[in-house]
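**Student:** Sequence first, then the predicted structure, then my questions.
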Amino acid sequence: MKRKLLLFALSLFAFCTAFAQKAIKKANRPKPNIVYILADDMGYGELGCYGQEKIETPNLDALAKRGMRFTQHYAYPVCAPSRYILMTGQNSGKAFIRGNHEWGERGPVWDFKAMEENPYLEGQYPIPDSTITLAEVLKSAGYITGMVGKWGLGAPFTTGFPTQQGFDYFYGYICQRQDHTYYSGHLWENENRIPLDNKIQPPTVTFPKDLDSRDEKNYEKYAQKDYGPDFLIRAALKFIDKNAAKPFFLYYPTPLPHVSLQAPKDLVAYYHQKFGDEKPFLGDGSYFPCRYPRATYAAMITLLDRQVGELIKELKAKGVYDNTIILFSADNGVAFNAGVDPVFFNSTGPFKGSYGWGKGFVHEGGIREPFIVSWPGKVKPGSTSNLIASTMDMMPTFCDLLGLNTPREVDGISILPTLLGQPQKNTHPYLYFEYPEYGGQQAIRLGNWKGVRLNMLKGNAHWALYNLESDIKEENDLAEKHPDIVEKMIKISKKEHRTPALSNFLIPVLEQEMK
């Protein structure tokens, strides 16, 4: 009942503004379709259009040429909270989900065989029924809403399931842990488990010491028959085919290129020939061994790029490409484990990318992401924007596009003027990041200034201060020279922080500072 009332309330303010009405009449076209593609653990510099030289991404590079490429777009250090912020438009100081909460009190949630036998062990801590999601808002505006890929904001039979949060259709992984292998035992289609022809094999293995680690054949057992990404792209294409006659929103949060390192043989062979021989990854007790880790990682990104090409091809085949906004970004920065080599690929581009500077951290390499937007006839081809933006801007941007009132408690801004080549009068005075894991962290982007606080769970009160204009790698702490800027950071922290609803996300030093 609460959700029905919520959707009814949303529909009451789902009306077009005078500007939007004129724009639609002038263009003589229906509401634009929206396709939002989210990569998993992708570094800022891992696309050709962002400077990548080793990994080939022709479809995404072409998308950037047909649209706008952002250079200062931010996400969050890890998966679940980044997706929550995208879906709600709230910053991490007030977000319900601020870290990866595996809801371990249910039982052996990291036991892959137990998860296969018991769906109640799948998924992460569920977002509440009262949550207003981007899918709900778009559904209230008449969109058919579909999600294909990795969710991470709930569990089966809870309020956090995608179809309980505004999606008419869901296909993919409800659980983040489950897609640590691309050969899982099942996927979900709406509330139904869809079995895959794979034997459950936990990724927590290491390569046997009595086998030759240089022999490719000894790694064949880590690959099986049904490769998850193949099923995801087919479901996404089917969704477009089925709903091409109506305005639709397709959210495609692919698991690629998140580890384990597993990719199609032809692509791995291509990059193996390109890179030459390399040291195998023998497993770390969390992810599968891999004979050619660099080649496989590159193959996974190129596979994602191919899937983007397939989506575009389908949109064109159905005659809806010209009226479709395509957005591409990633949930957080590049990983540092399981055979991933961010230094070899220069995955973070101009930022530091070794451990402590990428995924899991609030430094630029962990939270600044590629962001590409294409909309034929609306977004200027080959354009670049240095607007400071965030994934939390998607909610107000789409509301602005459709003439809807933005829900309360949204911290993002509409970037629609920038997309349309118009003056961006409303900008972020700052961006606030709060992250309770990896020691507890904070970051604030204030103009060219970047404040960073680490090791907060140990009571650290020191803010490091960097000038990103002259120090993009965040190497020179200027806090002592600019105490006035640090004081501004402290005031912003007190303004934006709310005590989290879930105790897992508490940072005691922040609570003390609020008193």
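**Tutor:** Yep, it's here.

**Student:** Find the residue at the geometric middle of this protein.
**Tutor:** Compute the mean C-alpha point of the chain, and by C-alpha atoms, centre = their mean the closest residue is Asp331, 2.3 Å away.

**Student:** Hmm, that one is touching Leu256, no?
**Tutor:** No: with contact defined as C-beta atoms under 8 Å, Asp331 does not reach Leu256; the gap is 11.6 Å. The C-beta positions use only the backbone N, C-alpha and C, and glycine is treated the same way.

**Student:** picking up where we left off before, which residues touch the residue nearest to the centre of the chain?
**Tutor:** Contacts here follow C-beta atoms under 8 Å, 6 or more residues apart in numbering; on that basis Asp331 touches 38-41, 75-76, 78-79, 82-83, 86, 253, 369.

**Student:** Which neighbours do Asp331 and Leu256 have in common?
**Tutor:** Common neighbours of Asp331 and Leu256 (C-beta under 8 Å, 6+ apart) are 39-40.

**Student:** now, among the contacts of Asp331, which is nearest to Thr158?
**Tutor:** Proximity of the contacts of Asp331 to Thr158 (C-beta to C-beta) peaks at Arg83, which lies at 15.7 Å.

**Student:** buried sites along stretch 273-291?
**Tutor:** Buried residues in stretch 273-291, counted by 16 or more other C-beta atoms under 10 Å: 278, 280-284, 286-291.

**Student:** Next, the distance between the ends of that stretch.
**Tutor:** Criterion C-alpha to C-alpha, to the nearest Å; first-to-last residue distance in stretch 273-291 is 13 Å.

**Student:** I'd like the average pLDDT over that stretch.
**Tutor:** In this model, stretch 273-291 has an average pLDDT of 96.

**Student:** average model confidence for stretch 87-97?
**Tutor:** pLDDT averaged over stretch 87-97 gives 97.

**Student:** Likewise for stretch 117-127?
**Tutor:** pLDDT averaged over stretch 117-127 gives 97.

**Student:** Show residues contacting that stretch.
**Tutor:** Identification of contacts with stretch 117-127 by C-beta under 8 Å, 6+ apart yields 80, 84, 96-97, 100-103, 106-109, 111, 114-115, 151-161, 165, 174-178, 193, 502, 504.

**Student:** Can you show me the strands along the stretch 301-450 of the chain?
**Tutor:** Secondary structure of the stretch 301-450 of the chain (DSSP state E, counting those that start in this stretch): strands at 324-330, 368-374, 383-385, 389-390, 431-435, 441-446, 449-453.

**Student:** Dump the second one to PDB, restricted to CA.
**Tutor:** Going back to what we said before, that points to strand 368-374. The C-alpha trace of strand 368-374 is given here as PDB (Å, rounded to 0.1, in the frame of the first residue of the first chain):
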ATOM      1  CA  ARG A 368      36.500  10.100 -10.800                       C
ATOM      2  CA  GLU A 369      34.900   8.100 -13.700                       C
ATOM      3  CA  PRO A 370      34.400   8.300 -17.500                       C
ATOM      4  CA  PHE A 371      31.000   9.700 -18.400                       C
ATOM      5  CA  ILE A 372      29.700   9.900 -22.000                       C
ATOM      6  CA  VAL A 373      26.400  11.100 -23.100                       C
ATOM      7  CA  SER A 374      25.000  10.800 -26.600                       C
END
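
**Student:** Give me the phi and psi for Pro58.
**Tutor:** With angles defined as degrees, to the nearest 10, Pro58 sits at phi -60, psi -40.

**Student:** Can you mark which positions in stretch 484-504 are buried?
**Tutor:** Buried positions in stretch 484-504, judged by neighbour count with 16+ other C-beta under 10 Å: 485-486, 488-489, 492-493, 496-497, 500, 504.

**Student:** Tabulate the residues you listed (TSV), appending secondary structure, distance to Ser470 and pLDDT.
**Tutor:** What follows is the buried residues of stretch 484-504, written out as TSV (DSSP: H, G, I helix; E, B strand; the rest coil; distance: C-beta to C-beta, whole Å; pLDDT from 0 to 100):
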residue	secondary structure	distance to Ser470	pLDDT
Ile485	helix	14	98
Val486	helix	18	98
Lys488	helix	19	98
Met489	helix	18	97
Ile492	helix	22	97
Ser493	helix	24	97
Glu496	helix	26	97
His497	coil	29	97
Pro500	coil	35	97
Asn504	helix	38	95
